[in-house]
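Enquirer: Attaching a predicted model along with its sequence, questions to come.
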Amino acid sequence: MEHLGERKLTLASLSQLPCDSCQSVMVVLHLVAPTARAADPVDHSQPAAPDGTPICAAWLHDEYTVERRGGSWATWHPARDPRYGCAFGHEHGSNPRAFRYFSRTGMPAFGLVNDYASSKEAHAGFKVFVANEDRKGLAWTIILHQGSGSPRRGSVRFHSLETWLFRERGRRMLARTRQMADFGEGVGNCPGIESRESWRLLPVPGCGRSYEEWATALDVGGVLRARPAFGIHNAITQFDPADPERVVFNKRAICGAADPAGWDSSCKGDRRTVLHPRWSVRNNGPSRFRTDAYGRRADRGLLQIVSRRIRVDQRRERDGVENVFIAEQPSDGGIFRAGRGWRPKRGFEFPGYCVLGSN
């Protein structure tokens, strides 16, 4: 059905599409201009993917928006457009609509938090992590900016992180927070390195390891704390401390024999893990308050919501496979589940299903 200013896909049309995020999902697309309806959806200046999938035009990508704070913000989209079958060449992780509480969270606004902090973050780096049950009574969605394609990540310490936390019993919302999270120093992943509470553990030239991990110690207004870490098992590039601006692709053992910047590369940054969120909620004050961009209380700033009635303490939940969350397949919306292993066997690209370049 068509509406002036927006277009909605019917569930029936979506059910016929092969892309992971397109099945049984209604996608709301805001047209950026009336002429966009007649525009060519394919970018003919770029070659098609190996399976023949064409590359989407920029205007089509720019249709995926959400309204927040009186403005329009980019939001999640599938890796392959459901109407035209073209590929965007990057992915944003879990489908937000796969979250059990999506009716209360809605689509994420990419860039709102970092814009408030006056810190630029590249669009392709926004990733969504959906866990409908952590096997401890909680469900959560995290929206994190974590790209692995740019060497800039080695020198940028703060990245936007948004959290929705729910308790399964009673279906109560425990928290809705957002901030620029501190991921500490950039550290080369070399033998003998000691773990830190906050860091960006990065593959570097001269050391054989290719794994990447970002860890942070969240503190929102002193009432919500967490210690999550986010692993990338096939990061696109390495970080060269001697030349921080140089683009160095990841090790051949991860990227494979193909062009590491091409469609057939295996280092696409799409095989990710969430480690031990270790949620802690203890709020004796108002459930609504404001903070600056970094989670410190302020008279004005970002609105935070943390329940004052329900307490959570997962601070001891750190080790073991029960505290490792992986997404096993994109076709279920990319839901992250605990206790399924230490690393994902596949990423958000499903060969011949949703095509990704080195995103």
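Expert: Yep, it's here.
Enquirer: do you know how far the nearest residue to residue 307 once chain neighbours are set aside is from residue 220?
Expert: Nearest residue to residue 307 in three dimensions, chain neighbours excluded: residue 174, at 4.8 Å (Cβ to Cβ, 6 or more residues apart in numbering). Using the backbone N, CA and C atoms, a C-beta is placed for each residue, glycine as well. Counting by Cβ to Cβ, to the nearest Å, the separation of residue 174 from residue 220 is 12 Å.
Enquirer: Residue 208 against residue 254, yeah?
Expert: No: shown here, residue 208 and residue 254 do not form a contact pair, counting by Cβ atoms under 8 Å, at 10.7 Å.
Enquirer: Which one of those two is surrounded by more residues?
Expert: residue 254 (22 against 10; other Cβ atoms under 10 Å).
Enquirer: In what element of secondary structure is that one found?
Expert: helix 252-255 (DSSP states H and E).
Enquirer: Return the next helix or strand after that helix as CSV; C-alpha atoms alone will do.
Expert: Sequence order places strand 272-275 as the next helix or strand after helix 252-255, per DSSP H and E. The C-alpha coordinates for strand 272-275 follow below in CSV (Å, rounded to 0.1, in the frame of the first residue of the first chain):
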residue,chain,number,x,y,z
ARG,A,272,30.8,-11.1,16.2
THR,A,273,30.4,-12.2,19.8
VAL,A,274,29.0,-10.5,22.9
LEU,A,275,30.8,-11.5,26.1
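Enquirer: which strands and helices sit next to strand 272-275?
Expert: Contact here means 3 or more Cβ pairs under 8 Å, 6 or more residues apart in numbering; DSSP states H and E; on that basis strand 272-275 packs against strand 126-131, strand 229-232, strand 324-327.
Enquirer: can you redo these as CSV with distance to residue 337?
Expert: Shown next, in CSV, are those (distance: least, Cβ to Cβ, whole Å):
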stretch, distance to residue 337
strand 126-131, 7
strand 229-232, 15
strand 324-327, 6
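Enquirer: Which of those strands sits closest to residue 64?
Expert: strand 126-131 (11.5 Å; Cβ to Cβ).
Enquirer: Give the rounded mean pLDDT of that closest one.
Expert: Averaged over strand 126-131, pLDDT sits at 98.
Enquirer: Could you do stretch 155-165 as well?
Expert: 97.
Enquirer: Stretch 162-176: how far from the chain's middle?
Expert: 19 Å (Cα atoms, centre = their mean, to the nearest Å).
Enquirer: got the buried residues for that stretch?
Expert: Buried residues in stretch 162-176, counted by 16 or more other Cβ atoms under 10 Å: 162-167, 173-176.
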